[in-house]
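J.: please work out how this folds:
(4 chains)
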Amino acid sequence: MKNKTDTPLTEDFDTQTLQINVGPQHPATHGVFRMDLTLDGETVVRLKPVMGYLHRNHEQIAENMTYAASMPYTDRLDYFNSMSNNFGYALAVEKLAGIEVPERADYIRVILAELTRIVNHISVIGFLLNDLGAFFTPLTYAFREREKILDLFEEIAGSRMMCNYFRFGGVKRDLPPGLLERIRTMMDVFPRFLDEFEALLTDNDILCLRCQNVGVLGRELALNAGLSGPMLRASGLGYDIRKVDRYSIYGRFDFKVPVGSKGDVYDRYYVRVLEMRESLKILDQALRQIPSSGDIISRKAAPFLKAPRNFKPPVGEAYGRVESPKGELGFYVVSDGSPQPWRYHVRAPSLINLTVLEDLCIGHKLADAMVILGSIDIVLGEVDH
Amino acid sequence: METLFIQIKTLLVNAAALVLPPWGVTLSSMIISALAILGLGPLIMMYLTLMERKVLARMQNRIGPNRAGPWGLLQPLADGIKMLTKEDIRPSAADPLLYFLAPILIAVPALMVFAVIPFGKGMTAADLNVGVLYFVALSSTTTLVIFMASWGSRNKYSVLGGMRSVSQMISYEVTLVISVVPILMAAGSLSTQTIVESQSGRWYAATPWGLLSCMIFFICGLAECNRSPFDLPEAESEIVAGYHTEYSGMRFALFYMAEFMNVFSICALTVTLFLGGWQGPLLPSWLWFLIKTYLLIFIVFWFRGTLPRLRADHLMGLAWKFLLPLAVMNIPAAAMSHFLSEPFSTAVPLAILMVSVAVLSFFNKGYAAEKRVYHFTD
Amino acid sequence: MIFGAGILKGMLVTLRSFVNSYFKKPDQGGLFTVEYPEKRLVAKERFRNFPFLVYDEKPEDPRCVACDICAKECPPKCITIVRDADAEGRPLKKPALFDIDLSVCMNCGICEEACPFDAIFMDHEFEIAGTERHQSLLYHKEDLLKSNGYFRQIRPSDAALIDARRKEAEDKKKAALKPAAPPEKKE
Amino acid sequence: MLELIAVKGIYILMVFAAAAAFASSLLPNLFHGALALAAVLLAVAGLYLSLGAEFLAMVQILVYVGAVMTLVIYAVMLTGRLEETVTPSGRIQRAAAGVSCAIFFVLVCGVLLSTNWPAAPGGNPLPSVKDLGIDLMKRHVFPFEVLGILLFAVLIGALAAARREKS
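T.: Numbers count the residues shown, from 1 in each chain, chains lettered A, B, ... in the order given. Predicted coordinates:
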């Protein structure tokens, strides 16, 4: 019997592959992103990500304006986490110009960056569940909590998403009075929300079925593709720039880096949940340690607030990187001594994390491809900068 | 109150008798019932959409439609007007006849099913003695229409949705039919009215085999009418809207209407077969029926508000590897309870079913969630 | 582990949300929605949307001196300024033309930061939607000018700071002027 | 009058069934043909219904329209290209089909005409569902069980085929 069947049955059928375009206008794509999919039945046999629909020439624009004027543009890279983007750019330019940041400003920066991380992770999980087909419930819960944090951002920076709050050598303005208490209140409520959110999701059998062992990203591939952030950590590598670089004042805080074991969608989901809990720990320590008053911008950099055109960093180059919620966000700036950067480059974690999409999706079902895309957590503003 | 609707009908028929010959009276009686159902279908659908939106909104911490009329009660009307005035688009590659026919045909079985639903005591439009079979047969024809829609649109998403829909409906149809068998055995009839009457002492859902049957029937029913978590054929995050991707305006509304009417009839059938139908104390029978049905519909919306979607292969696995064997095992269990006396008539089926669930769970271990342990590094 | 336990747990969460939405207050899990056109959230003081120009007494005398700094620093270059001139053609310290293209403006607030004369600030006004996207979003000087009273109203603490600073500067200026030009002469 | 309507209905259904049958064999588009076949089967179910055989009608719809036709269409969709479904049929094929149809028609007519159809007895002319069941389980239990075994064998065969594909 066996000998007769060495040609698989599928070869007898004249099966056709089906090519479909998912996006750029599709209910599941995250922004204007297109996946050129080839399906065999419902199994993905080829996937080609097509991006660039949102290309804005970010780097070229930045090279043609003052250093400070790029700050609001970085908001628009990963428009979910403008605070982290600001942070990365500020670090790069501070390194270039040799500016020290006053202590209070550092604390404010860390607090905001961690709040941003919570905002990002909570909404990513919401969107992931939407891709899984839960009809918006987790997303609305997530957005409700996100709203509370965005309200805080609005109070601090004047804008909810496009914060444009960091300045070289500090931050734009001091925190409004009473804000730290409000952050504290938010933090007291948030763990309870997170528990509820987890009750809705973590043990849900359908979610486990859909996420576990789907889109497994091996350690090797993750390393070779240069991934970073929760994607890499879910694959079992505890690489976190907050720990590696200890930039800003992260060295002062006691927090841990959650690491996944399998590298599947479920790990990526749960690592984000755990990271939120760790962020809360950092916030708690930062709120306790923050000096009650002090400079919020270094003396050296303060004059340039009013006259950004006079800010001319010395000739040289610098690379500043932060652990953005999506991964390693790096800014590379080269100065030729003029008010405009000679070269400006962004290492966008979304873009680099997206490169493994095809490897993750092949062999899985069409439905899984969407979930995997959701778990990679891309923001097209950053991918197509 | 109890016979309110029957009295209205008698009144109308008597009025007709004054002017019409005897055959005309019979005809007018039929027409009145038919019109009642024809009017009821769209009405139910319209307010189910509102109810769904409201319930989901509340579950998601939102308010839901509240602009048109008090509590948004006129929202369905506004939606209807919008649907009617929308541009009717036909893709140039579509097959004109199939594309045109599918939305009309899909509403037909959905409406016809209403004929055998006992809305109250003596309130079945057509008390067929094959009522349950009639329901099953009609809902099975929906598959064809979905094929027509998906193939007629000439859209790849539509075709994918159609394929999914059909494989899903075939799988669940089998289980659905088998899950009803114990009830038919107990009631000894296929007529819905008789089945309700046979539950005057005890609901079938109050017996172990009946409860299991009820759950399987309800789950399969959800899958039959493509409701969450089995809404793969119209999974918006994957294949846009499945087989009705290309439809707009009123044609889309017809698909939508069929879906909601199917939800209603599945819930109504579950109530009829397992939950005592219109039987209940104090309140009029039709009110009891509606209360029970709407509670089940609430559960349908509740599922939608909570659960993510299953994947095609899991869906098939659930149907063939778990629900179907369980439904088959339920038949001997029900037969046992028929032949044994208390307390064995409860205990033996319960034992049989528990053993089968355990065995099936063992064989379906692959579907169980893994417990993960996460470690931390510094 | 019974299949479905996790599902039941999740369903309890949504049911609780359903019930709470009717009986609880927003901060305890009730409805979070604020129904917009009827009810509004109070704008945060630092909320910034589009820029506006401040005048002290009359709209003809804005604080703006048409120095063009904001136009130069504006990252998307949405500000156009033309300096006014008197009858003989000598430039005046006020703008003849001050246009902001709101469709280009990205609300970053750099103009406000860069302005040395406290003349341009970020507004709280956000309901500027219209059906025409070119002319209606090109705001001219007349549309942009708002009184200092309005500024005090939307941003009381910032306005107080700035008013104090301006008064101080004015006093200093007066003090500096005093020895050179005694008050008797002025009258 | 109602009987009249019913009788007229039977004729309408017959004509419809015949027309659909012709359509199903003559339509160039395979998918249309399959759908026309479904229409034939539905019309036949309607005929059963108008003859008072409700159970048979329902089973006809459930089994033929719901299940068999779905499989047929599934097969059509799997084999046919989605873009071009018009199946070219050669002249010889057509001729062969016509001849075989004619032979079949003659055969069926012969059987129909030669059979002596017994008139239905008065009173309760049709067996109820219960009678059918009892009949099936008592008198015809042997063929019933044989059929069951056959279907079971088919099921196992299909499983085996599917498993082979996997490996």
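J.: in terms of secondary structure, what does whichever strand or helix holds A:A286 contact?
T.: A:A286 is part of helix A:265-289 when elements are defined by DSSP states H and E. Using 3 or more C-beta pairs under 8 Å, 6 or more residues apart in numbering or on different chains; DSSP states H and E as the contact criterion, the secondary-structure elements in contact with helix A:265-289 are helix A:103-132, helix A:179-201, helix A:205-211, helix A:230-234, strand A:257-259, helix A:366-376. (Each C-beta comes from the backbone N, C-alpha and C, glycine too.)
J.: neighbours of the closest residue to B:V132 other than its chain neighbours, how many?
T.: In space, and not counting its chain neighbours, B:V132 is closest to B:L190: 4.9 Å by C-beta to C-beta, 6 or more residues apart in numbering or on different chains. The number of residues packed around B:L190, counting by other C-beta atoms under 10 Å in any protein chain shown, is 26.
J.: over to B:L190: give its phi and psi.
T.: Main-chain dihedrals, B:L190, degrees, to the nearest 10: phi -100, psi 0.
J.: test for you: state the pLDDT assigned to the nearest residue to A:L280 once chain neighbours are set aside.
T.: With sequence-adjacent residues excluded and distances taken as C-beta to C-beta, 6+ apart, A:L280 is closest to A:M187, at 6.0 Å. pLDDT for A:M187: 85.
J.: check the one 10 residues further on too.
T.: The per-residue pLDDT reported for A:F197 equals 83.
J.: repeat that for A:V333.
T.: According to the prediction, A:V333 has pLDDT 90.
J.: let me see the contact set for C:D61.
T.: C:D61 makes contact with C:55, C:94 under the criterion C-beta atoms under 8 Å, 6 or more residues apart in numbering or on different chains.
J.: kindly report the same for B:Y294.
T.: Contacts of B:Y294 were listed using C-beta under 8 Å, 6+ apart, and they are B:51, B:267.
J.: about what we covered before: any idea how far the residue nearest to B:V132 lies from chain A?
T.: Separation of B:L190 from chain A (C-beta to the nearest C-beta, to the nearest Å): 35 Å.
J.: okay, now A:I118: neighbour count?
T.: 24.
J.: give me the mean pLDDT for the longest strand along chain C.
T.: For chain C, the strand with the greatest residue count under DSSP state E is strand C:91-101. Per-region confidence: strand C:91-101 scores 85 on mean pLDDT.
J.: if we can go back for a sec, show me what contacts the residue nearest to A:L280?
T.: With C-beta under 8 Å, 6+ apart, A:M187 has these contacts: A:280, A:283-284, A:287.
J.: likewise for A:F193?
T.: Residues A:141, A:145 are the ones in contact with A:F193 under the rule C-beta under 8 Å, 6+ apart.
J.: and the one 3 residues further on, by the same measure?
T.: When contacts are counted by C-beta under 8 Å, 6+ apart, A:E196 touches A:141, C:13.
J.: re the thing from before, buried subset of the contacts of A:M187 as a PyMOL selection?
T.: For selection in PyMOL, the members of these meeting the burial criterion (16 or more other C-beta atoms under 10 Å in any protein chain shown) are listed in this command:
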select buried, chain A and resi 280+283+284
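J.: can you lay out the contacts of A:M187 as JSON lines showing distance to A:F80 and pLDDT?
T.: Converted to JSON lines, the contacts of A:M187 look like this (distance: C-beta to C-beta, whole Å; pLDDT from 0 to 100):
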{"residue": "A:L280", "distance to A:F80": "18", "pLDDT": "89"}
{"residue": "A:L283", "distance to A:F80": "18", "pLDDT": "89"}
{"residue": "A:D284", "distance to A:F80": "23", "pLDDT": "89"}
{"residue": "A:L287", "distance to A:F80": "23", "pLDDT": "88"}
